[in-house]
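*Asks:* Give me coordinates for this.
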Amino acid sequence: MATEEPAYEVVREGPVFELRRYQPQVLAETEVQGRFDKVRGKAFGILADYIFGNNQAAEKIAMTAPVTQRPAASDDDQAGTRIEMTAPVTQRPAQTDGDSFIISFVMPERFTLETVPRPNDPRVTHREEPVNDRAYGATRGSG
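*Replies:* Numbers count the residues shown, from 1 in each chain. Take a look at the predicted model:
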């Protein structure tokens, strides 16, 4: 069974990558503190628990690609530029102090901010990622 991916247009192609512009997406997010290599599993577990049914509707939500990481805050205008890695994981450049990250799961396209199941865990929040003028890289074949 294929993993659902958000709609995108290919802006540019290279021999082993694509630059993509994604359509708006509803995200489920959680923030974690610490070195990313030490806390990414914790963040993934919090979000996985949410999509496995720990939400007010007790609804299981299909896993989608990509999963994203971004700094929790940054003064740098370029921070937050998403650089996709192999699917389903994407990554944003680390915050300057490098100790606070927001990990996001893209919700299936059928959900809006109004219809996505509300989490039981207050560490999980939702937001809409609007389309913007930035293009994001993806390794060819990564989805």
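
*Asks:* what are the ranges of the strands in this structure?
*Replies:* Taking DSSP state E as the test, the strands found in the chain are 8-13, 17-22, 25-33, 67-71, 83-84, 90-91, 100-106, 125-129, 136-139.

*Asks:* Redo the ones you listed as CSV? Include mean neighbour count and distance to Phe44.
*Replies:* (Each C-beta comes from the backbone N, C-alpha and C, glycine too.) Output for those, formatted as CSV (neighbours: other Cβ atoms under 10 Å; distance: least, Cβ to Cβ, whole Å):
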stretch, mean neighbour count, distance to Phe44
strand 8-13, 12, 23
strand 17-22, 18, 21
strand 25-33, 20, 9
strand 67-71, 22, 7
strand 83-84, 20, 17
strand 90-91, 20, 13
strand 100-106, 23, 7
strand 125-129, 15, 16
strand 136-139, 20, 20
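
*Asks:* Comparing those strands by mean pLDDT, which bottoms out?
*Replies:* Across the strands of the chain, strand 83-84 has the smallest mean pLDDT, namely a mean of 34.

*Asks:* coming back round to it: any chance of the strands of the chain in TSV, plus distance to Val116?
*Replies:* As requested, the strands of the chain are exported to TSV (distance: least, Cβ to Cβ, whole Å):
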stretch	distance to Val116
strand 8-13	20
strand 17-22	17
strand 25-33	6
strand 67-71	16
strand 83-84	23
strand 90-91	20
strand 100-106	11
strand 125-129	6
strand 136-139	22
